[in-house]
Structures are given as C-alpha cells and as structure tokens.
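Undergrad: Attaching a predicted model along with its sequence, questions to come.
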Amino acid sequence: MTTATVEPASALKGSIILPGDKSISHRAVIFAALGEGEARLENLLEGEDVLATVDCFRAMGVSIEKSGDEWIVQGVGLKGLRPPRKVLYCGNSGTTLRLLLGILAAQDFETSLTGDASLNRRPMKRVMEPLSQMGARFRVEGEGSPQRTIHVKGGALRGIDYLSPVASAQVKSALLLAGLWAKGKTSVLEPALSRDHTERMLEGFGVPLERTGLRVSVPPVAKLSLQGTFRVPGDFSSAAFFMVAGTLVSGSQVLLQGLGLNPTRTGALDVLRDMGAQVQVKGLKREGGEEVGDLLVLSASLKAKPIGGTIIPRLIDEIPILAVAAALAEGKTEIRDAAELRVKESDRIRVLAELLGRIGVSVTERPDGLEIEGGSVLRSATVDSRGDHRMAMSMAVAALKAQGPLTIQDVDCVKTSFPSFWELLTRLGARVRIS
C-alpha cells in the first residue's frame, strides 16, 4: 500500500497548469469516437478513469492512439461501433459506465460491463430504469456485490420525457446520448441544474438542442462530425484543492492557469468567495463552448457559511475539500442536501466525519451532510483514504495546516483523477514523501 506523508507548509508560491478536465475528457473521447472523421484531442486527462473510457471504445473497434501530446481518434460514426469480444471494464469510473449504458442501449448487439469493487457497488438503476422506458433491456448478475456485471441488449429506442428525481449529469447524459438514436424527441427535466458539458458538446457537434428552464431535449440525428483539434480545459475540481490550499496557508500566492470555468461547475468558487477567500478570475474567454480562464489565489481568513440547496449539484465533488476549509474557518459550517455523497467512491459523509475527527476536528455526521466546528487545531495523525482519491487529496491539503506531519494511507487512488497531484503540490512548496 502506497502512503504519502505531508508536512505542514509555509507560504505556497507559483503558477501551475492543471491537467485536463475529467468530465470533459470523457465526453471528448466519446464524441470523437461517435463522430465521423479524425479528431485530435489536446490536454486530455490521462488518469485511470478516462483511460477506462479509451479502452472501452478501443474494444468496440475505435482507433484511439496517442501521438506526442495529442490523442488521435478515428471516429466510426453513430452506426460504426462493433461488438466487443470481452466484458468492458470500466475500472472505478462511474462516468464511463453510466454514459456507456446510454450508448450501448441503442446498438444492435449485446454488451457486458463491469468495474472494480467500488464501482460495482454504486447505483446504476437510476440510469437503467429510464433507459428501460426507452426500450433498452438489461440483465444484472451479482447485484450489490463487488463482482456485478451488467448485460445490455441494445436495439430500437423511443424518445421519452423523463422527470429525473436527482440532478445528475451522468443520468442526464446517458439519456441524451441514447436519444441520438431514438425515435422521437428525448427530454430530461432535472430538479436543479447539473453539469452541462454534454449539452455544450452536443451543440458543438451541430445537434439542435432545446433548453427550456431545467428541461433539455435532443432529437435523433444521422451523424456527428468533430474534425480537427479540441483542447480540454484544465479541471476545476482538481484546481479546488489548490484554491483551498492557497487560501489556508498564510502568505500564499498561487496562479492556476487555463481552467474550465463552466458555471455549472464553479459552485465551490462561489462558496469560498462567500466565506472570504481572495480568488480572482483572470483572462476569461470561451473555447470549444466552455468558459476558460486563470484563477489567482491569495491567502485569506475564512468565515463559516451554510452549504446546501440548489448549489449542491455545482459542487458535489468539491465537498470533501470544502469540509477541510470549513474545519479552519471561523464558526460552524452546516453542509446539507448532499446525501448523494454516500454513493460516491466511498460513503463520503461517513468517511469525512471519521477522517476529520481523527485529525482533531469537531464534526457531526448527518444523513445528508455534516456539521463542522471551525477554528480547529489540526493534529498529526495517520489516516486511511479508503481508496477514495478526493479523500486522499483533501487530507493532503489539511496536512499543510496541521501541527505535525500527516500520513495518508492508500494514495494510489489519486491516479484515477489526478496523477500529477503530488508533483504539483511539491512544485508550489509543499514537502511530500511518497513511500
């Protein structure tokens, strides 16, 4: 088991370029594979999750090769996927599995999918049930077990108007992707706006998308055509760890360059600013349908603010690192409406409560969130990430403000989303030892 020991830090200084956005990287591979013609993808995140998506499409006959800093995809079109000769392995990637369920539901062959033990415990009925209403057929072996396999029998689909009980970009994306092949219009109405990368990319491919409030609709299309070069912006969720680190460590000045600043993703920036963080947006522009810019982070004192309601879908992945910020803010932070955290890579509510408590934070676990007493004095300790990449990185940031070294067990999981995390943290002045 690989561990990381992180020392308390003085000021963090410097500028870094974040790896490609994970959500957009998945979708760039998918749309390039389903498009017609050659596409070149720049700054694609090369974490294990995205590489799982690459491997699945390779298994279905799509040529995807790396050349220098680019990934070259030879699109096979909407009707060009071939039956894989093996069970598609999605690793730890919920995005890979859920979006593939939507795509494979429309193919004229049967496919089987599985993942690692963590992914196989995560809920998939929220995607399979509406896809079944469209005409897809599923058979599940080992439901609830680490060995679960989902069998998809693809075929003709019909469009539906689906009222989603949760604001989930993965559910929405799976249905919209299936809708490209369906007879009639496919619509999804969410209770709150989730990430809209899929919608933006569909529009970039010329799909006549309809948006009315929280409802988005797609018609069936004959083809997608992404040709030329597409650059993936830097990952905002990855940047959030450095935003909090730069805010908490006195005397810090950190520039985060080339980030995707899609408003459906930047809820954590809004919350941190509301708490008193000094984060400035520089050079905002639009590239490939996405807002892109730099963030200048200066150290600042924070005051507790409640986190809940409709902003939760815009920061669900950033709650672990926001919890670290809350532990060092003035006052008590209440995090609510985040029950979705219980079905992530770990039960993040339970694990956060455990890990924060271990390093000296007064925290109360609630069914849908946490209550965190601020002003904590973080103590030296050894903690277990539980195989959850965001827990490992959040504890690394907490270590920068601890009274002594903090050792984090099981940090190989960081490779799923942010392989260069430790290198970039060190570049800004942190002291990290991997063993």
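TA: Received it, and whenever you're ready, just let me know what you need.
Undergrad: which outside residues touch the helix or strand of the chain with the lowest mean pLDDT?
TA: Ranked by mean pLDDT, DSSP states H and E, the weakest helix or strand in the chain is strand 228-231, scoring a mean of 88. With contact meaning CB atoms under 8 Å, 6 or more residues apart in numbering, strand 228-231 is reached by Ala28, Ala32, Ala39, Arg40, Leu41, Glu42, Asn43, Glu70, Glu287, Gly288. In this view, the C-beta of every residue, glycine as well, is placed from N, C-alpha and C.
Undergrad: do that again at 6 Å, thanks
TA: Residues outside strand 228-231 that contact it (CB atoms under 6 Å, 6 or more residues apart in numbering): Ala28, Arg40, Leu41, Glu42, Asn43, Gly288.
Undergrad: gap between the strand or helix carrying the second one and the chain center?
TA: In other words, Arg40. Using DSSP states H and E, Arg40 falls within strand 36-42. The chain centroid and the centroid of strand 36-42 are separated by 23 Å, computed with CA atoms, centre = their mean, to the nearest Å.
Undergrad: Wait, a helix at Thr382?
TA: No: residue state for Thr382 (DSSP: H, G, I helix; E, B strand; the rest coil) corresponds to strand; a helix is not indicated.
Undergrad: Distance of it relative to Leu284?
TA: Thr382 is 42 Å from Leu284, where distance means CB to CB, to the nearest Å.
Undergrad: What about the closest residue to Asp384 other than its chain neighbours? Give its phi and psi, please.
TA: Spatial nearest neighbour of Asp384, excluding adjacent residues (CB to CB, 6 or more residues apart in numbering): Gln409 at 4.6 Å. Per-residue torsions, Gln409: phi -90, psi 150 (degrees, to the nearest 10).
Undergrad: before we move on, back to that, hmm, who's touching the strand holding Arg40?
TA: Here strand 36-42 has contacts from 28, 32, 70-75, 77, 223, 225-227, 229-231, using CB under 6 Å, 6+ apart.
Undergrad: what do you get for stretch 188-207?
TA: 23-24, 27, 31, 162-164, 167-169, 172-173, 175-176, 209, 214-216, 218, 221, 224, 226, 264-265, 289, 310, 313.
Undergrad: Kindly write the ChimeraX command that selects the buried subset of these.
TA: Only the buried entries of the contacts of stretch 188-207 go into this ChimeraX selection, using 16 or more other CB atoms under 10 Å:
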select :23,24,27,31,162,164,167,168,169,172,173,175,176,209,216,218,224,226,264,265,289,313
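Undergrad: From the contacts of stretch 188-207, which land in strands?
TA: Tyr162, Leu163, Arg215, Val216, Val218 (DSSP state E).
Undergrad: Return the set of residues that bridge with the fourth one.
TA: Here Val216 sits in beta bridges with Val188, Arg211, as judged by DSSP bridges.
Undergrad: returning to that earlier point: so Thr382 and Leu284 - more neighbours on which side?
TA: Neighbour count, other CB atoms under 10 Å: between Thr382 and Leu284, Thr382 has more, with 13 against 10.
Undergrad: how close does that one sit to Ile408?
TA: 8 Å.
Undergrad: what's the answer for Val324, then?
TA: Per CB to CB, Val324 is found 13 Å from Ile408.
Undergrad: Please identify which of the two sits among more neighbours.
TA: Taking other CB under 10 Å, Val324 and Ile408 do not tie; Val324 has more neighbours (30 against 27).
Undergrad: Would you check that the more buried one makes contact with Ser394?
TA: Yes: Val324 is within contact range of Ser394, at 5.2 Å (criterion: CB atoms under 6 Å).
Undergrad: residue boundaries of the helices in the stretch 201-350 of the chain?
TA: 236-248, 267-275, 319-328, 348-358 (DSSP state H, counting those that start in this stretch).
Undergrad: Mind putting those helices into a markdown table with distance to Leu18 and mean pLDDT?
TA: As requested, these are exported to a markdown table (distance: least, CB to CB, whole Å; pLDDT from 0 to 100):
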| stretch | distance to Leu18 | mean pLDDT |
| --- | --- | --- |
| helix 236-248 | 5 | 98 |
| helix 267-275 | 14 | 98 |
| helix 319-328 | 14 | 98 |
| helix 348-358 | 22 | 97 |
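Undergrad: out of these, nearest to His151?
TA: His151 sits nearest to helix 348-358 of all these, at 29.5 Å, using CB to CB.
Undergrad: Check what contacts the closest one and list those residues.
TA: Residues contacting helix 348-358 (CB under 6 Å, 6+ apart): Pro320, Ala323, Ala327, Leu341, Arg342, Val363, Glu365, Ala381, Val383, Arg386, Met391.
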